[in-house]
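In: sequence first, then the predicted structure:
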Amino acid sequence: MPNFFKLTITIILTTTLILSQQVLAHTWIPVRGGIPFGISGIALIKQQNKKLNFLVIHDNKKKNQGRLGILTIEGQQPPQYLPLKWDKNIDLPLDLEAITTIPTANNQEFIALTSAGTAYHLKFNSQNQTISVIKLFILPEVLPDNNIESFSLQTIKNQLVAVWAHRGEDEQPAILYWGIFDLTTYHIKVAGTAKFQVPYPQTNVRHISDLKIDDAGIVYITSASDTGNDGPFQSAVYVAGYLAFHNQKIVWQQNQQLFPIYRDNYHKIEGLEIIPGASGGIIVATDDENMGASVHMIGQ
């Protein structure tokens, strides 16, 4: 086994064991009630002391329903939610399911993605709290029956790496994609794909409901069980594996000892974000249909 893969497995297992000891610390915090406010993706805007600002998306399809909002969490105070208007020059997206910061843009630019693979390069103006759409583009290799619920960008070895996944369902595995993203041309050169299934949840499961990749190349994913608008729901968070450059190629190594680092029997997690620093951790957000949205910080 190459040293690269030995190091990969060591990092994954160490991270998993550390997080698994911290997952019971805090309770869920309600954000808003009702189907239109379910959170299908979350991305960090700003982190300052105990105050966190996030851009969240909603998988709405009707014209009178919101697509974006600012979520502010400060200490033990109730979270604040501010709806944002979509760019009036661009048609409303249908079924936004994933959002990621662009790591080279100082947390002011994002890529949001629909389940059909349409991507929106967004710019957030923090002064007047507005969103503008810079560019629309289509993910490569998206099949007609695919349902994309995750997308993440990270800079590794000075390369902008993109990772996304078709969610899969029950016996049908998720399909993980990765490649190099050229932001100047909006072209993603796909470097590989892999099938992926989780051991939990076991029924009505979406194997990958969201994902994020950190700057060490570790890929975290969420899985969720959806039995209808009133639940019951189940969810889990996993360290799925690792991406890194080996012989000038970006290579995927899946975690072969897959188990939940966090599990929940009451919520449908569809949003995941990594919060850096000593006070950080992993924040997860839910689309609990009729029960709306809640958030929970893991590892804080």
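Out: Happy to help now that I have it.
In: okay, the residue lying closest to Asn265 once chain neighbours are set aside and Gly41: tell me how far apart.
Out: By the measure of Cβ to Cβ, 6 or more residues apart in numbering, the closest residue to Asn265 outside its immediate chain neighbours is Gln234, 5.5 Å from it. Backbone N, C-alpha and C define where each C-beta goes, glycine included. According to Cβ to Cβ, to the nearest Å, Gln234 and Gly41 sit 20 Å apart.
In: re the thing from before, the residue nearest to Asn265: neighbour count?
Out: By the measure other Cβ atoms under 10 Å, the count of residues near Gln234 is 23.
In: you'd agree it is in a strand?
Out: Yes - judged by DSSP: H, G, I helix; E, B strand; the rest coil, Gln234 forms part of a strand.
In: residues contacting it?
Out: By Cβ atoms under 8 Å, 6 or more residues apart in numbering, the contact set of Gln234 is Tyr200, Pro201, Ala224, Ser225, Arg263, Asp264, Asn265, Lys268.
In: in helices, which of those fall?
Out: With helices taken from DSSP state H, there is no overlap with the contacts of Gln234.
In: buried subset of these?
Out: If you count burial by 16 or more other Cβ atoms under 10 Å, the buried members of the contacts of Gln234 come out as Pro201, Ala224, Ser225, Arg263, Asp264, Lys268.
In: my read: the second one touches Ile269, true?
Out: Yes - with contacts defined as Cβ atoms under 8 Å, Ala224 counts as touching Ile269 at a distance of 5.4 Å.
In: overlap of the contact sets of those two?
Out: Shared contacts of Ala224 and Ile269, counting by Cβ under 8 Å, 6+ apart, come down to Ser209, Ser235, Ala236.
In: pLDDT at the spatially closest residue to Gly75 that is not a sequence neighbour, what is it?
Out: Closest residue in space to Gly75, ignoring its immediate chain neighbours: Lys50 at 4.6 Å, by Cβ to Cβ, 6+ apart. Lys50 carries a pLDDT value of 84.
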